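Novice: Provided below for reference: sequence and predicted model.
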Amino acid sequence: MKLINHYLLLLPLIILSSCNAKKETTAISLKDSYKKDFYIGTALDANQIEEKNAKEDSLIKKEFNAITAENIMKSMFVHPAKDKYDFALSDKFVAYGEKNKMFIHGHTLIWHSQLAPWMTEIKDSTEMKAFMKDHITTIVSKYKGRIDSWDVVNEALNEDGTLRKSVFFNTLGEQYLVDAFKFAAAADPKVDLYYNDYNNEEPSKREGNINLIKKIKAGGGKIDGVGIQAHWRLESPSIETIEESILAYSALGLKVAFTELDITVLPNPWDLKGADVNQNFEGSAKMNPYPEKLPDSVQVKLAERYASIFKLFVKHKDKISRVTFWGVHDGQSWLNDWPIRGRTNYPLLFDKDLKPKKAYQSVMKLKETKE
Ligand code: G3I
């Protein structure tokens, strides 16, 4: 009887402490949950770098320990004219990462897209090589010891694994790949250097990517990792395809990073056989099925997809350096405007009001049940 009385007295305390314990688990973040596995990153837009929205800012600091600039470090912004660099925003980006003790990734040095117009006019190989040397050396040296890794070359491959006929390839041939990595390593010998692409988990492009890595190494370039962008869909690529890629790249002695992760839930116009991707799709209800809210059934599918992807990532955590989402929340995602402008997509873990989605819970739950 005495024992029961004693227990009754303690009951409120027990309830209170279990509530507190629950609070602690819900307060934990992505970066804390995965801290023993790999960095959890996000891409930041210019407003986020400038901390313009306090709610977004505290979410970023709470959940992520790695950052990539979504746009502001691309050539057209940092190197707008031959003799002019503009580091105003990239200085803020690097300072933001340092202030918050985050892993800082540089995106991107050599990319055929978002080039300043003057760069696209370079036709001569000597001039192009001089441009590449100046561009890479100036930017990498400026942030030497402060930026932790760089996308040295971005998207140099076609879907069949052949080399894209970019302005770099057309003037310099495939040697430009080796040179880019050499220039970057010379400017900061300690920084990690990555080749980054999309769809490079798919077998034919993967094969081309493996050849490209081998060429860079054979030519004396230093390459530390491969970035798989991971702009994925609910049904594809398969977990097996992703796993084969992790193993294949890692077998070359490289770190594997998932650098731009998001999962579209919207129909793809290219799936409609014979249909051109053109203005006709804009404003089409069929192509923008969830303008107000994502139905629960799709929310669940997205959560399951993220869970299976992260389960695989954890299985291969020894090979994976970083997993970065391409944006903080659904409202800012590039997928609202691509491949059709003005749609409402739901590809990330936080909704446009910054609320964690089912997908967030499923990624978090994976670690709760494991450890
Ligand atoms: O800044 C202008 C704004 O003033 C204007 O009102 C608005 C109208 O459309 O456009 C704004 O610029 C857009 C910019 O994003 C900033 O939002 C550009 O049109 C748009 O083309 C640009 O898209 C970026 C895209 O790269 C360009 O290629 C996306 O934000 C960015 O997420 C995307 O990121 C790429 C990676 O760098 C490489 N891998 C693929 C990935 C997705 O495409």
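Specialist: Structure's in. What do you need?
Novice: work out for me the element the closest residue to Lys365 other than its chain neighbours sits within.
Specialist: Excluding the flanking residues, the one nearest Lys365 by CB to CB, 6 or more residues apart in numbering is Ala307, at 7.5 Å. No exception for glycine: its C-beta is placed from N, CA and C like everyone else's. Taking DSSP states H and E as the criterion, Ala307 maps to helix 296-315.
Novice: correct me if wrong: Phe131 contacts Glu121.
Specialist: No. If you go by CB atoms under 8 Å, Phe131 and Glu121 don't touch, sitting 10.7 Å apart.
Novice: who has more neighbours, those two?
Specialist: Phe131 (21 against 10; other CB atoms under 10 Å).
Novice: show the pLDDT at the more buried one.
Specialist: pLDDT recorded at Phe131 is 97.
Novice: report the contact partners of it.
Specialist: Counting by CB atoms under 8 Å, 6 or more residues apart in numbering, Phe131 makes contact with 82, 119, 122.
Novice: on the three-state scheme, it is what?
Specialist: Secondary structure, DSSP: H, G, I helix; E, B strand; the rest coil: Phe131 is helix.
Novice: same deal with the one 4 residues further on?
Specialist: Under three-state DSSP, the three-state class of His135 is helix.
Novice: can you tell me if stretch 227-240 touches the ligand.
Specialist: Yes. For stretch 227-240, a contact with the ligand is found by CB under 6 Å from any ligand atom, at Gln229.
Novice: residues contacting the residue nearest to Lys365?
Specialist: Residues near Ala307 by CB under 8 Å, 6+ apart: 362-363, 365-366.
Novice: number of nearby residues for whatever residue of the stretch 251-371 of the chain ends up closest to the ligand?
Specialist: Residue of the stretch 251-371 of the chain nearest the ligand, by CB to the nearest ligand atom: Trp334 (3.5 Å). For Trp334, the neighbour count with other CB under 10 Å is 17.
Novice: please apply the same query to His112.
Specialist: Neighbourhood size, His112 [other CB under 10 Å]: 19.
Novice: ok, back up a step: in ChimeraX, select just the buried ones from the contacts of Phe131.
Specialist: Buried subset of those, written as a ChimeraX selection, criterion 16 or more other CB atoms under 10 Å:
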select :119,122
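Novice: which one of the contacts of Phe131 is nearest to Ser297?
Specialist: For these, the residue nearest Ser297 by CB to CB is Met119; the value is 46.5 Å.
Novice: my guess is that closest one is in a strand, correct?
Specialist: No. Secondary structure of Met119 (three-state DSSP): helix, not part of a strand.
Novice: would you confirm that it contacts Ser75?
Specialist: Yes. Using CB under 8 Å, Met119 is in contact with Ser75, at 6.2 Å.
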